[in-house]
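J.: missing the sequence, but the structure's below:
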């Protein structure tokens, strides 16, 4: 069975985000074995310097790199990543899954991802040019994955 690991940095504080993530995680079970790993976000002062942000990203990056499952296909969500339509992303995932059975998607903290994590990932993905809270990105990404699997399986979800 296809495995999908979602590595995220930071916790979901609001129950509505947790509920939405749980709903899509449940839906994804029809297509794959989903796993969500929440890593600890580095503590930063109210108005951090760039050096403090870089240090935090390095620390978070070490955690992320250690959590990426071996033999998975790691995908980094980042603003400079490639954008796909739902159909094109489904086709890309189908191509990847024809050779590997484990996807690993990485969402960083509100400051993003360390360059080392981006380099370690085999694809950089951008969901939109718009800026979203990273808590919302979890839901958007899980919905996009659910939609992609639905497209590949020919369900009526994607219209």
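T.: Alright, I've got the coordinates. Owing to the predicted nature of the structure, the values given are computational and were not obtained by experimental measurement.

J.: show me where the protein has strands.
T.: 3-9, 33-39, 73-82, 102-107, 123-125 (DSSP state E).

J.: let me have those in CSV, extended by mean neighbour count.
T.: Any C-beta I mention is one placed from the backbone N, CA and C, and that applies to glycine too. Formatted as CSV, the strands of the chain follow (neighbours: other C-beta atoms under 10 Å):
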stretch, mean neighbour count
strand 3-9, 22
strand 33-39, 16
strand 73-82, 18
strand 102-107, 24
strand 123-125, 18
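
J.: so which of the ones you listed is nearest residue 15?
T.: strand 33-39 (15.2 Å; C-beta to C-beta).

J.: so how far is that closest one from its chain's centroid?
T.: 10 Å (C-alpha atoms, centre = their mean, to the nearest Å).

J.: let me know the angle separating the helix ranked longest in the chain from strand 33-39.
T.: Ranked by residue count, the top helix of the chain under DSSP state H comes out as helix 134-153. Put simply, helix 134-153 runs at 160 degrees to strand 33-39, going by axes from the mean of the first three to the mean of the last three C-alpha atoms, to 10 degrees.

J.: list the helices and strands helix 134-153 packs on?
T.: Judged by 3 or more C-beta pairs under 8 Å, 6 or more residues apart in numbering; DSSP states H and E, the packing partners of helix 134-153 are strand 3-9, helix 15-28, helix 86-97, strand 102-107.

J.: please repeat the previous calculation with a cut-off of 10 Å.
T.: Where contact means 3 or more C-beta pairs under 10 Å, 6 or more residues apart in numbering; DSSP states H and E, helix 134-153 is packed against strand 3-9, helix 15-28, strand 33-39, strand 73-82, helix 86-97, strand 102-107.

J.: got the angle for the last one vs strand 33-39?
T.: Think strand 102-107. Here strand 102-107 runs at an angle of 30 degrees relative to strand 33-39 (the same axes, to 10 degrees).
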